[in-house]
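# Sharing a model that was predicted from the sequence below.
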Amino acid sequence: MQQLLLIVVFLMLCCFPSRIHPDTKFDHSGPPQMSDQISPVASFETEVTSLVVLGASGDLAKKKTFPSLFALYCLGLLPPNTTIFGYARSAMTDDEFRKHASQHFKVPAEWQPKRAEFLARLFYVAGQYDREADFVELHATLCLHEQRSAVANRVFYFAVPPSVFVASARGIRTACMPTGGGWVRLIVEKPFGRDLASSDQLGAELGSMFTEEQLYRIDHYLGKEMVQNLLVVRFGNAVFEPLWNRQHVANVVITFKEDIGTEGRGGYFDQFGIVRDVMQNHLLQMLALVAMETPVSLDAEDVRDEKVKVLRSCRPVALDDIVVGQYAAGGGQPGYLDDKTVPSGSRAATFATAVVHIDNPRWKGVPFILKCGKALNERKAEIRVQFRRQPNTLFPKSNLNELVMRVQPDEAVYLKFNGKVPGLSADVVQTELDLTYKQRFDVRLPDAYERLIYDAVTRGDHSLFVRADELRAAWRIFTPLLHELDAGAVQPEIYTFGSRGPAQADQLMQRYGFERTEGYVWAPKKAANL
């Protein structure tokens, strides 16, 4: 062990002098003084970038992070001098790590030659998240690979449980910072706490070591193609903006449905439940984009300023405005409590429908209905804007108009409207104006993680990441409710695996004026032959 430490110290001495800026300050008591500046993309040709994935042996890194990095490399969207390092507790050689990291790569024929090139850039370091000496060793390894450039930038991707966020950040801040003017960025995965107090504590601890400019809090739904399209649909089409208010909109329904259960991960899920896992972050982020006012520009801070304003206008969700459920066995599938990793008698919600009220001039009185659940009848995520019925209509049996933005799968935007049945009949039928992406565009849609990693690593753009005050505003809406649910104020309604969820959720939506169309089924169009 002494020999290893001597080698590490020797390597640190060898690589530090060549890149230390004469004005660099090494006071580790607070955020760094010299490494906060974002270098222009053009400077990457004379710089190196070290991208460290903490939690490299886990499922998230294997299924999302590494496949996204591979895709970005093949598309030429990573900085050209990028080396990727895995860091985790598991013991692995570099070759074993490369095999592990590449298990879920999607490799079309044109990318096949780049596979070996990419894997040659991957290296592995084993270590604990709370041991400074292990981060010293990681730093020495990074220095060895960074010696070919005067400036080294470092990105640390936290694909780890929140319980080790602070320890990992401390190890980086104390022993693994870049030198010579290079910048550092931390990409942090949710969850960001369990409620407002724990989120504030986590934010304060991270904020004592890193600046807001260095932190990139991921909500991967913000990287999805249709979520990004929200700004264009809203502010790029004159036909919609005049209708986007309480005078014309009856309600907005934002839905996330999965057709699978916890599948052996119930023990982890049980710690959070569906409200913390999906509603407080993914759905609330989509609500903010739907409801916010026009930003001054598309600059990251201008967009996030407007999101914060609308979240601050939201009332905390009342207990009377939520229905929670838990799935039971059905259709040959086990129930939630049948998952051996779930505590016996757990009351964790696997389904929730809640109503959010926005108290501002644009949306006062318009219910925003958030609906999410596991083990339902289909997999989809969508935003549905239901417009008000016209007074004194000539066609009283016609359905309400709806604008639907389908986030996944089969990305699409379609407008449901009423028309006459062709022929001699005078009957009215509901149909749609449909923009189905795969039918209209012959283009590969990037995974959400590809977009987010590209923005953080290559562009240094915070637009699709959650700011500290935005996170605080989101927790304020749900924390009182979550405390009541944790205290057992509501018994989850039981619903069958493969159903639409508890009937009480439909009743809640009807109470707030939502009208469900009977007999209409949207079907995605076939892919284009261009």
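Good, I have the coordinates.
# what residue of the protein is the furthest out?
The C-alpha centroid of the chain is most remote from L424, which lies 50.6 Å away (Cα atoms, centre = their mean).
# Sticking with it, tell me its helix or strand.
Here L424, judged by DSSP states H and E, is contained in no helix and no strand.
# Phi first, then psi, for it.
Per-residue torsions, L424: phi -80, psi -10 (degrees, to the nearest 10).
# how about the residue nearest to I453 when sequence neighbours are not counted, what does it touch?
Leaving aside its sequence neighbours, I453 sits nearest to S68 (Cβ to Cβ, 6 or more residues apart in numbering; 5.4 Å). C-beta here means a position set from N, CA and C on the backbone, and glycine is covered the same way. Contact analysis of S68 by Cβ atoms under 8 Å, 6 or more residues apart in numbering lists 447, 449-450, 453.
# Tell me the first helix or strand C-terminal of the helix or strand containing S68.
If you go by DSSP H and E, S68 is part of helix 66-74. Next helix or strand after helix 66-74 toward the C-terminus (DSSP H and E): strand 82-88.
# Quick one: list the elements packing against that following strand.
Helices and strands touching strand 82-88, as assessed by 3 or more Cβ pairs under 8 Å, 6 or more residues apart in numbering; DSSP states H and E, comprise strand 47-54, strand 122-126, helix 132-146.
# In a strand, A352, correct?
Yes. The assignment for A352 is a strand, going by DSSP: H, G, I helix; E, B strand; the rest coil.
# ok, it - how many residues close by?
27 (other Cβ atoms under 10 Å).
# Then F118?
23.
# Give me the spatial nearest neighbour of it, chain neighbours excluded.
Nearest to F118 is Y73, by Cβ to Cβ, 6+ apart, at 4.8 Å.
# my guess is that neighbour meets A116, correct?
No. Between Y73 and A116 there is no contact under Cβ atoms under 8 Å: 11.5 Å.
# So for these two, which residue has more residues nearby?
Between Y73 and A116, Y73 has the larger neighbour count (other Cβ under 10 Å), namely 20 against 9.
# Please tell me how far the more buried one sits from V125.
Here the criterion is Cβ to Cβ, to the nearest Å. By it, Y73 lies 20 Å from V125.
# average model confidence for the top helix by length along the chain?
Assignment by DSSP state H gives helix 468-486 as the longest helix of the chain. Across helix 468-486, pLDDT averages out at 95.
# now swap in stretch 407-422 and tell me
Mean per-residue pLDDT for stretch 407-422: 86.
# ok, and what's touching that stretch?
The list of residues contacting stretch 407-422 from outside it, by Cβ under 8 Å, 6+ apart, reads 221, 224-227, 229, 233, 286, 379-383, 395, 398-399, 401-406, 426-438, 445, 517, 520, 522, 524.
# Would you mind listing the buried residues in stretch 255-264?
Neighbour-count burial for stretch 255-264 flags 255-258, 261-262 (criterion: 16 or more other Cβ atoms under 10 Å).
# which outside residues touch it?
269, 278, 282-283, 327, 333-336, 339-342, 350, 371-384, 497-498.
# Which residue is the nearest non-sequential neighbour of D339?
G266 (3.6 Å).
# Pull out the buried positions in stretch 283-293.
283-292.
# count of neighbours near the closest residue to G365 other than its chain neighbours?
Of all residues not flanking G365 in the chain, R246 sits nearest, at 5.5 Å (Cβ to Cβ, 6+ apart). For R246, the neighbour count with other Cβ under 10 Å is 15.
# Fine by me, we can end here.
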